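K.L.:
Below is the sequence, then the predicted model.
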Amino acid sequence: MVRRKRIFYQSLLFMLPAILIVVCVDFIPIFQNFYYSLFSWDILEPSMKFVGLDNFINFFKMDGARGALKNTLIYAVLAAVLKNIVGLGLALVLNSGLKTQKFLRTCILSTTMISLVISGYTWTYLYHPEYGVGYLIEKYTGISFLNQDWLGNPKLALYAVLVVSIWQIAGKYMVIYLAGLQTVPKDLYEAGNMDGASGFSRFRYITAPLIIPSFTVGILNAVIQGLKVFDEIYSMTRGGPGFASETLTTLMYSQTFFYSGKAGFGSAISVILFGIVLIVSLLISSYLRKKEDAVYQ
């Protein structure tokens, strides 16, 4: 018993630097943010006025808050669905035994190494109606559908940003599903072929149930990133045109840094976003874990 305690304290001593970093970088800022959300203050001024829950009440009364919340949820849902569909599709193709799979894997993964901000600025030029890809397609083929102001159209801006996000990060989800696909026993597919199962049936009854852990990781990760989206939206649209692509993160940023005395209000928005991410993550994780348990029991 004494030896076990000594080993435990020695292990704790080795972990102490990492624990201190996590506490200082993660936990302390979180509690500070909760504290600041109860005040009206300017980040450039030391004076702070306690307002209680007024910042949270004012958020739900704010004209643009509902639109930002709606855009955030729409973006998160579409991102979770489309990123995982594209990632799974790429994984299935590369897992089929193509001779060029290593080259294709490298090409697809290369996009994940590009900064979201750089991707956003690059695609802003590609989307441009006067010298972008759509303009070149119209010039040389006569097809005019693609030549429009994607980022300047309130109905298309949010979805145009989503396309960039999918392009940039699809390789990450491909790796997640490739790892899951490689754990599926090959003899199950052979048994399915002997029984005359079609490709869709093999995927539905063999592949999908056995890669549910990959679905859990992929969907949960995509939802969280979708709810917290900021870089690509801010670099491409700044939340515009108007407030068409405004999300909770861009609203929080603008309220915190561009409006005097609104830093506490921005902190309240971040607390609300924190609550949404926490609740949604717990619900999705709980649901998918139950699916995993049902398969492996």
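P.N.:
Here it is on my side, so go on.

K.L.:
Can you tell me the element Leu136 falls in?
P.N.:
helix 133-141 (DSSP states H and E).

K.L.:
Now do that helix: which elements does it pack against?
P.N.:
helix 116-127 (3 or more CB pairs under 8 Å, 6 or more residues apart in numbering; DSSP states H and E). Yep, even glycine has a C-beta here, placed from its N, CA and C like the rest.

K.L.:
Pull the contacting residues for the residue nearest to Tyr125 when sequence neighbours are not counted.
P.N.:
Nearest in space to Tyr125, with sequence neighbours left out and distances taken as CB to CB, 6 or more residues apart in numbering, is Gly132 at 6.3 Å. With contacts defined as CB atoms under 8 Å, 6 or more residues apart in numbering, Gly132 is in contact with 125-126, 147.

K.L.:
before we move on, what about Asp231?
P.N.:
115-117, 120.

K.L.:
same question, Ile169
P.N.:
83, 111-112, 225.

K.L.:
Kindly report the same for Ile219.
P.N.:
Taking CB under 8 Å, 6+ apart, one finds 80, 84, 284, 288 in contact with Ile219.

K.L.:
Among those residues, which one sits closest to Arg6?
P.N.:
Proximity of those to Arg6 was ranked by CB to CB; the top entry is Leu288 with 40.3 Å.

K.L.:
With adjacent residues omitted, what lies nearest to the closest one?
P.N.:
Thr216 (4.1 Å).

K.L.:
Now for Tyr36, how many residues are close by?
P.N.:
22 (other CB atoms under 10 Å).

K.L.:
That should have said Gly142, apologies.
P.N.:
7.

K.L.:
Could you check how far the residue nearest to Tyr125 is from Val51?
P.N.:
46 Å (CB to CB, to the nearest Å).

K.L.:
Please identify which helix or strand holds Lys49.
P.N.:
Going by DSSP H and E, Lys49 is part of strand 48-50.

K.L.:
wait, I meant Ser285
P.N.:
helix 263-296.

K.L.:
quick one: buried residues of the helix holding Leu136?
P.N.:
134-135, 138 (16 or more other CB atoms under 10 Å).

K.L.:
and whichever helix or strand comes after it, which residues are buried?
P.N.:
Of the helices and strands lying after helix 133-141 in sequence (DSSP H and E), the nearest is helix 157-181. Neighbour-count burial for helix 157-181, counted by 16+ other CB under 10 Å, picks out 157-158, 160-162, 164-166, 168-178, 180-181.

K.L.:
do stretch 96-112 as well
P.N.:
105, 108.

K.L.:
what's the span of it, first residue to last?
P.N.:
22 Å (CA to CA, to the nearest Å).

K.L.:
what is the rounded mean pLDDT of that stretch?
P.N.:
If you average the pLDDT over stretch 96-112, you get 83.

K.L.:
got the contact list for it?
P.N.:
90, 93-94, 119, 167-172, 174-175.

K.L.:
wait, which of those is closest to Val22?
P.N.:
Nearest member of the contacts of stretch 96-112 to Val22, counting by CB to CB, is Lys172, at 23.5 Å.
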